[in-house]
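Peer 1: whatever this is, show me its structure:
(2 chains)
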Protein chains: 2
Amino acid sequence: MKKRLFTPGPTPVPEHVMLTMAEPIIHHRNPEFNEILTRVNRNLKYLFQTEQPVLTLTSSGTGGVEATFVSLFSSGDTIISVNGGKFGERWVKMPRAFGLNAVEIKLEWGKAPTADQILSELRKHPEAKAVYLTHSETSTGTATDVKTLARVIRENSNALVCVDGITAVGAHELRFDEWGIDACVTGSQKGLMIPPGLAFVALSQRAISAMEHSTLPKFYFDLRKAVKSYEKNDTPFTPAVSLVIGVDAALEMIRAEGIENVWKRHERLATAIRAGVSALGLKLFSNSPSYAVTPVWVPEGVEWKTFNKILKTKYGITIAGGQDDYAGKIFRISHLGYYDEMDMVTMMTALEMTLRESGYKFDAGIGVQAVVKYLQTENGA
Amino acid sequence: MKKRLFTPGPTPVPEHVMLTMAEPIIHHRNPEFNEILTRVNRNLKYLFQTEQPVLTLTSSGTGGVEATFVSLFSSGDTIISVNGGKFGERWVKMPRAFGLNAVEIKLEWGKAPTADQILSELRKHPEAKAVYLTHSETSTGTATDVKTLARVIRENSNALVCVDGITAVGAHELRFDEWGIDACVTGSQKGLMIPPGLAFVALSQRAISAMEHSTLPKFYFDLRKAVKSYEKNDTPFTPAVSLVIGVDAALEMIRAEGIENVWKRHERLATAIRAGVSALGLKLFSNSPSYAVTPVWVPEGVEWKTFNKILKTKYGITIAGGQDDYAGKIFRISHLGYYDEMDMVTMMTALEMTLRESGYKFDAGIGVQAVVKYLQTENGA
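Peer 2: A predicted model of the protein is given here:
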């Protein structure tokens, strides 16, 4: 059976990228690797739309976010953190573990933060050193309007704008410099289309200056060290060499397609899937849908475990379930990374077949038709 | 030109392991991956010769060692750390960065710590919570007698025995349980023969208990979380999936060969290389040679940079140079990981040819002859 992955990380890895990573390993202090890292560093700037350093760390995305907390702040510092799901929740727990005063903006799952909510907390906490936003909250498929909120934060405070871009970078428009972002993190197994194991952290000049005053203890995640090494296209510790080689190949693909086209493709595929889901009478979960992942309510009468088992064992398709309170209640379809129009049609076809076999009633083919119709008519691209 | 890597990490990756890692990526919360991690966890116990948990972290080996510091200790705790080279030096700097009182045993490069040196510091610091040893100091190719020192530490103190086994695990005999080790760390790109990106940490019951009292701030490297996930054959954060799949294949190779045979092979290849080096009239650097890497003094009259350039560009061979004070003065040949007898003959042949072209005088073939003679006669294996 052909197997197909529709999870929001790991996302599918392009075949030629997998094979590039399978080439004989090279040493990370070699001129050959230095050349690769130089190109990766240049192309990461393009990905983040920045002239600032984008650092490569060997860790999951969570490690990348931890690096920003321990490198930018000191014990007792106040930061404002938006918790709109599983990951936002982590960006409240994590700074607290390091002795920061994390002011939480807790949202109902599926809701995005508003400018008023951010402003109100900034007014209550003028001492706040940063605001942490989750660009695309993977657990809820909800996108935050980072462009607007970054402007609001910049205009009304000196707080750094820190963005978890883990499932957003490469899926949503992101202009690090233009929008005034200070720190943005992503992971390798998301829009970058390679296996997990690397995190990337872009830092503004304000963020780099803030590091000089940070007193939190750190070593592996000390971004001052990483910036120093970065200037020589090196890393402070042995990097995940094969994954860096994969990122190099993946970034070349993104450059060739053009970052604006990559963003547009994600929007288009997400919208197509949603057209199909709606045509089937299913309900979307989020009021501010992300282009990375679409969460859908499991329809009444359908049992999630049975549904997921059919999808996986009969159709070879892996999607993500709901987390925490929403386990068994929602499912999440990814369109993040290496996907095209045909993949969406495939996904919708399997979804229809599985829904039918799970006892859900609808006109056969109506979801697929809606996907295909959207792709043919709604967008001239 | 065929390229061959003789560096002590990254080490060569077996071809079928590279191709296994190039298979389509799977999701880390899948039953399929759980099965792989279950097998990896079982085989890691075999590698470390332990019944205790061996945790898998997504980071370099340095991250793995950091995890032991932040998870086992609290600010102000005293630890004794042996600094006999570049890595030992790091295990002094790192705990200090986290506010530990690191008592340094500073050794001349190329020397191993003695029981008396350890005992003397333990007597001066009865409050010491741990002693950190580097089993194989990669920068100097020097092996520490962990078996004896662990016994001495256990018999004379309550200090935890913590071992940097990064280039030792899989090369040197190591019996975690029998020897009474409390924490031992290795990396994926060493004896485990896969690309860098994973660290492994074995913990004794004493170490696991110590974690309950540790108050250092931590999140990503919190081994309490890792132990909890480990019990379900899971990881707290997205692991480097493709590398775990590689480790699975590599551990199956180690099991098939037998760990004692793997250790013996390393000793045998190291000794063969040394026989060749000595026959050429070159001088070995260490007085307690590691089986992972052999450092050799660059002979008088030979210029390291020219020598290394010929070796790399004409013979396609990458070795490691000296670090810090020994840059340009020594070179290091690795026999760590996926090497066999023929590889040692190849290495010695290229070494001879390069030495000749660098102006060094010797009877052509005398080094290779010594390698081959040792392999044929000195050991019946």
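Peer 1: can you name the residues that contact the most centrally placed residue in chain A?
Peer 2: Among the residues of chain A, the one closest to the centroid is A:Thr167, at 1.0 Å (C-alpha atoms, centre = their mean). Neighbour list for A:Thr167: A:8-9, A:135-136, A:138, A:190-191, A:290, A:292-293, A:336 [criterion: C-beta atoms under 8 Å, 6 or more residues apart in numbering or on different chains]. In short, each C-beta sits where N, CA and C put it, glycine included.
Peer 1: between the residues you listed, which sits nearest B:Arg268?
Peer 2: A:Gly9 (44.0 Å; C-beta to C-beta).
Peer 1: OK, contacts around that closest one?
Peer 2: With C-beta under 8 Å, 6+ apart, A:Gly9 has these contacts: A:138, A:166-167, A:187, A:189-190, A:196, A:334, A:336, B:238.
Peer 1: so what pLDDT did it get?
Peer 2: Looking at A:Gly9, its pLDDT stands at 93.
Peer 1: cool, the one 5 residues further on as well?
Peer 2: Looking at A:Pro14, its pLDDT stands at 97.
Peer 1: so which helix or strand takes in the closest residue to it other than its chain neighbours?
Peer 2: Of all residues not flanking A:Pro14 in the chain, A:Tyr338 sits nearest, at 5.2 Å (C-beta to C-beta, 6 or more residues apart in numbering or on different chains). In the assignment (DSSP states H and E), A:Tyr338 maps to no helix and no strand.
Peer 1: so A:Glu137 touches A:Glu89, yeah?
Peer 2: No: counting by C-beta atoms under 8 Å, A:Glu137 stays clear of A:Glu89, with 9.7 Å between them.
Peer 1: looking at those two, which is more packed in?
Peer 2: A:Glu137 (35 against 20; other C-beta atoms under 10 Å in any protein chain shown).
Peer 1: enumerate every residue touching that one.
Peer 2: A:Glu137 touches A:84-88, A:143-144, A:290, counting by C-beta under 8 Å, 6+ apart.
Peer 1: same question for stretch A:372-381: list its buried residues.
Peer 2: Neighbour-count burial for stretch A:372-381 flags A:372, A:374-375 (criterion: 16 or more other C-beta atoms under 10 Å in any protein chain shown).
Peer 1: by contact count, what packs against the helix or strand harbouring A:Val247?
Peer 2: Element membership for A:Val247 (DSSP H and E) is helix A:241-257. Counting contacts by 3 or more C-beta pairs under 8 Å, 6 or more residues apart in numbering or on different chains; DSSP states H and E, helix A:241-257 packs against helix A:15-21, helix A:31-48, strand A:54-58, strand A:198-203, helix B:241-257.
Peer 1: A:Gln117: which of those is closest?
Peer 2: So among the helices and strands packed on helix A:241-257, strand A:198-203 is nearest, using C-beta to C-beta, at 24.9 Å.
Peer 1: so how far is chain B from the closest residue in space to A:Gly84 that isn't next to it in sequence?
Peer 2: Spatial nearest neighbour of A:Gly84, excluding adjacent residues (C-beta to C-beta, 6+ apart): A:Leu107 at 4.0 Å. In this view, A:Leu107 and chain B are 22 Å apart by C-beta to the nearest C-beta, to the nearest Å.
Peer 1: same question for A:Glu212.
Peer 2: 16 Å.
Peer 1: swap in A:Ile330?
Peer 2: Taken as C-beta to the nearest C-beta, the span from A:Ile330 to chain B is 15 Å.
Peer 1: compute the number of surrounding residues for A:Ile254.
Peer 2: A:Ile254: 18 neighbours (other C-beta under 10 Å).
Peer 1: list the contacts for the residue nearest to it when sequence neighbours are not counted?
Peer 2: Nearest non-adjacent residue to A:Ile254, counting by C-beta to C-beta, 6+ apart: A:Val262, 5.7 Å away. Applying C-beta under 8 Å, 6+ apart to A:Val262 gives the contacts A:170-171, A:191, A:254.
Peer 1: farthest-apart pair in those, please.
Peer 2: Every pair of the contacts of A:Val262 checked by C-beta to C-beta; the farthest is A:Ala171 and A:Ile254, at 11.4 Å.
Peer 1: ok, which stretches of the stretch 101-250 of chain A are helices?
Peer 2: A:115-124, A:146-156, A:176-179, A:205-211, A:223-230, A:241-257 (DSSP state H, counting those that start in this stretch).
Peer 1: got the buried residues for the third one?
Peer 2: Buried residues in helix A:176-179, defined by neighbour count with 16+ other C-beta under 10 Å: A:176, A:179.
Peer 1: elements contacting that helix?
Peer 2: Looks like helix A:176-179 contacts helix A:146-156 (3+ C-beta pairs under 8 Å, 6+ apart).
Peer 1: flag every buried residue along the helix it packs on.
Peer 2: Here helix A:146-156 shows A:146-147, A:149-150, A:152-154 as buried, counting by 16+ other C-beta under 10 Å.
Peer 1: about what we covered before: measure how the helix or strand that the helix holding A:Val247 is followed by sits relative to helix A:31-48, angle-wise.
Peer 2: Using DSSP H and E, the next helix or strand after helix A:241-257 towards the C-terminus is helix A:259-279. Here helix A:259-279 points in a direction 60 degrees away from that of helix A:31-48 (axes from the mean of the first three to the mean of the last three C-alpha atoms, to 10 degrees).
Peer 1: the inter-axis angle of helix A:259-279 versus helix A:241-257?
Peer 2: Using the same axes, to 10 degrees: helix A:259-279 against helix A:241-257 is 90 degrees.
Peer 1: chain center to helix A:259-279: distance?
Peer 2: 16 Å (C-alpha atoms, centre = their mean, to the nearest Å).
Peer 1: quick check: next helix or strand after it?
Peer 2: Using DSSP H and E, the first helix or strand after helix A:259-279 is strand A:293-297.
Peer 1: packing partners for that following strand?
Peer 2: With 3+ C-beta pairs under 8 Å, 6+ apart as the test, strand A:293-297 has helix A:259-279, strand A:330-334 packed against it.
Peer 1: got the residues of the stretch 151-300 of chain A near chain B?
Peer 2: Residues of the stretch 151-300 of chain A found near chain B (C-beta under 8 Å from any C-beta of the partner chain) are A:187, A:189, A:195-198, A:216-222, A:237-243.
Peer 1: ok, the residue nearest to A:Pro14 touching A:Leu192?
Peer 2: No: the criterion here is C-beta under 8 Å, and A:Tyr338 misses it with A:Leu192 at 9.7 Å.
Peer 1: between those two, who's got more neighbours?
Peer 2: A:Leu192 (29 against 18).
Peer 1: excluding covalently adjacent residues, which one is nearest to that one?
Peer 2: A:Ala250 (5.3 Å).
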